[in-house]
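Novice: Mind looking at a prediction? Sequence and model below.
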Amino acid sequence: MKILRLILLFFATLYCLPLLLPAQTITQDEFLNLLIKTHPLFEKEKLTTQIEKEEQNSYRGAEDWTFFSAANFSHLEPAIAYAGPEKMDTLSLDGGLERLFWKTGGRLSASFSSSLSYIKIDPIFGFPDHFYQNKFSITYTHPLLQNKKGFLDRLQHNLKKFDVDFSEVRAIENLENFLTASSRKFLNWVLLTEQREIVSERLSLSEEELARTERKLKAHLIDKVDMIRAEDAVRIAKQNQMLVESQWKALQAELAVLSQNNEIYNLSPEFNLYEVKDFIPLEEAVSQLRAESRLIHTLNIRLKQLEYSRKGCEEILKPQLSAMAQFNIKKAAEGLDRALGMDKPDVVVGLQYSFPLRNRTAKAQIIKTDLQIDQLKKQVDDLTLNLASVLTNLYIQIRELEKVLQLNQEQIESAKRKTEEELKLYNQGRGDLTFVIQSRDNEENAKLTYAVNALTYHKLITEYRDLMDQLYK
C-alpha cells in the first residue's frame, strides 16, 4: 500500500507540475526584437536604401572606357575638275577608346583609322590610282575654369549621395513608426490581461456571494429576490469575462501572426502596467529633440543637397576654358604593309574658350535654388517648433496623468472600504444586497478605470519615445 501511495503521489505531482510552474511570458522588448528579426518591413526598408545606392553607383559608368568604331564608304565627284581627280572612292575603318577622368575633368581619346582609296585622275599628274592610309591619334582636353577637377562630372553622383542618406534616415523613421504601432498593440494586450484578471476576480466574488445567499435563503434569513439579484450578478460577471477573454485571444492571435511566431499562442504579456517612469526635465528634452530629431535631420539633408546643387550652378557660370593637346602619326602608300609604317607626325596644342554672353539659365537656377534654400530653412524652423510643441504637450499630459493614477489608487481603496462596510451591514440584516452588488461593481469599475488610465499613460510614453527617436536605433 505504501508503494501504491508513492506511485499515486508521483503521478499527481506530474499532473500538477504545470500548474505550479510560472506562466510563460513575453516582454515588450522581446516582442519588438522578434518583429525586428522576422517582419518583412525591415528587409523592405533595407532594400530601399540599397536601391538608392545602386542608382548612385550607376553614375560611375561615366568613368568607364568607351569603345567606338565606324565603317564608311564614300564616292566623290567634284563639280568642276581642273587639276584634281575626276572621282574618288574610299573605304575606311575607324576604331578607338575614350574615357572621362572624374578627378581631373579631363577627357582622353585614342583612335586608329585605316582607309583604302581608288582615284580616277589624269596620268600626267603622276598620282597612283589607289593608296592605303593609316592614322593613329591621341587627344586630351583638360578643363581650367568650368568643371575644374571634374566638379560637374561628379555633380549628379555626389547629389545622389544625399538621396542615399535621406533614404537611410527615412527607412529608420518608417521602422520606428511601425514599432510604435506594434507597441500600442502590445499594450492593448497588457490591458486586456489586466482586465481579464479583474473580471475573473469579480466573477469569483459574485459566485461566493451567490453561495452565501443560497445558505441564507435556506436559513430563511433573506427574501428570494436577493437570490435572483445574486444570480444576475454572476451572469453579468460571466458575460464580461467571456467578452474580455474573446478580445484577449483575438489580439494574441493578431500579434502571433504579425510576428510570425506561433509560440505567442502559449504566452502572456509581461509588463508592469502601473509603473511610473522617470523623465529628464522638459527643457533638456526639447533641446535634445532639436539636436537629434530624425525628422529635422531629413530636412537638413535636403538643405545640404540644395546648397551643393547651388555650387553646381555657380560652376556653370564660369567660362569654359580647356587646354587641348593632340598627337597624330600617319602614313599613306600604295601597299598596305608600307602604309603601316606610320612615320608622319602631327602635333596640335591649344586653348579652347567659350562663354554664354548672358548665361540666363544658370543665373535663374541660382536664384531658384536660393529661394528653395530659404523655403527649406523656414520649413526646418516650422517643423522644429511643431515637434517642440507636441513634445511639451505629451510631457505635460504624462506628468498630469501620474497625478490621476494616484487618485485612481485612492479611489480603489475607498471602494474596497465601502464594500466591506456594505457587506457588514448586509450580514447584520441592516443592509440590502443591491448595495453590496453596486459597491462591488464600483470597486471593479475603479480598478478598470485605473488600468485604462495606466494604459493611456504608457501609450503616451510610447509616443514620447517615438518622438525622441528612442524606440529604434
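Specialist: Happy to help now that I have it.

Novice: So which residues of the stretch 301-450 of the chain form helices?
Specialist: If DSSP state H, counting those that start in this stretch is used as the criterion, the helices of the stretch 301-450 of the chain fall at 336-339, 360-427, 433-467.

Novice: Which elements pack onto the second one?
Specialist: Pointing back at helix 360-427 there. Under the contact criterion of 3 or more CB pairs under 8 Å, 6 or more residues apart in numbering; DSSP states H and E, helix 360-427 touches helix 282-292, helix 294-317, helix 433-467. Using the backbone N, CA and C atoms, a C-beta is placed for each residue, glycine as well.

Novice: Please identify the deepest-packed of those helices.
Specialist: Of all the helices and strands packed on helix 360-427, helix 433-467 has the most neighbours on average by mean count of other CB atoms under 10 Å, namely a mean of 19.

Novice: Break the chain down into its structural domains.
Specialist: Following automatic domain parsing, the chain resolves into domains at 24-55+156-303+372-467, 66-143+320-354.

Novice: any idea of the mean pLDDT for the longest one?
Specialist: This means domain 24-55+156-303+372-467. Mean per-residue pLDDT for domain 24-55+156-303+372-467: 92.

Novice: With the shortest one instead?
Specialist: With pLDDT averaged residue by residue, domain 66-143+320-354 scores 84.

Novice: First-to-last residue distance for it?
Specialist: Counting by CA to CA, to the nearest Å, you get 26 Å between the two ends of domain 66-143+320-354.

Novice: roughly how far is it from the heart of the chain?
Specialist: With CA atoms, centre = their mean, to the nearest Å as the basis, domain 66-143+320-354 stands 56 Å off its chain's centre.

Novice: do the first one as well
Specialist: Relative to its parent chain, domain 24-55+156-303+372-467 has a centroid offset of 25 Å by CA atoms, centre = their mean.

Novice: on contacts alone, who are the packing partners of whichever strand or helix holds residue 45?
Specialist: If you go by DSSP states H and E, residue 45 is part of helix 40-58. When contacts are defined as 3+ CB pairs under 8 Å, 6+ apart, helix 40-58 packs onto helix 151-218.

Novice: ok and the helix it packs on relative to helix 294-317, angle-wise?
Specialist: 170 degrees (axes from the mean of the first three to the mean of the last three CA atoms, to 10 degrees).

Novice: downstream neighbour of helix 151-218 in the secondary structure list?
Specialist: Note on helix 151-218: by DSSP H and E, the next helix or strand toward the C-terminus is helix 224-259.

Novice: is it possible to export the helices of the stretch 301-450 of the chain to CSV including distance to residue 64?
Specialist: CSV is the format used below for the helices of the stretch 301-450 of the chain (distance: least, CB to CB, whole Å):
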stretch, distance to residue 64
helix 336-339, 32
helix 360-427, 28
helix 433-467, 45
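
Novice: Nearest to residue 175 among those would be which one?
Specialist: Smallest distance to residue 175 across these (CB to CB): 11.3 Å, for helix 433-467.

Novice: Just tell me which of the helices of the stretch 301-450 of the chain ends up closest to residue 129.
Specialist: If you check each of those against residue 129 by CB to CB, helix 336-339 wins as the nearest, at 15.4 Å.

Novice: what residues are up against the most centrally placed residue in the chain?
Specialist: The residue lying closest to the centre of the chain (CA atoms, centre = their mean) is residue 171, at 1.3 Å. Applying CB atoms under 8 Å, 6 or more residues apart in numbering to residue 171 gives the contacts 45, 46, 48, 49.

Novice: let's see 10 Å
Specialist: 41, 42, 44, 45, 46, 47, 48, 49, 52 (CB atoms under 10 Å, 6 or more residues apart in numbering).

Novice: Grab the nearest non-local neighbour of it.
Specialist: Distance criterion CB to CB, 6 or more residues apart in numbering; nearest residue to residue 171, sequence neighbours excluded, is residue 45 at 3.7 Å.

Novice: Enumerate every residue touching that neighbour.
Specialist: Contacts of residue 45 by CB under 10 Å, 6+ apart are 167, 168, 170, 171, 172, 173, 174, 175, 178.

Novice: Show me which of these are buried.
Specialist: Restricting those to buried positions leaves 167, 168, 170, 171, 172, 173, 174, 175, 178, with burial counted as 16 or more other CB atoms under 10 Å.

Novice: Just give me the closest of the residues you listed to residue 345.
Specialist: Looking across the buried ones among the contacts of residue 45 and measuring by CB to CB, the closest to residue 345 is residue 167, at 53.3 Å.
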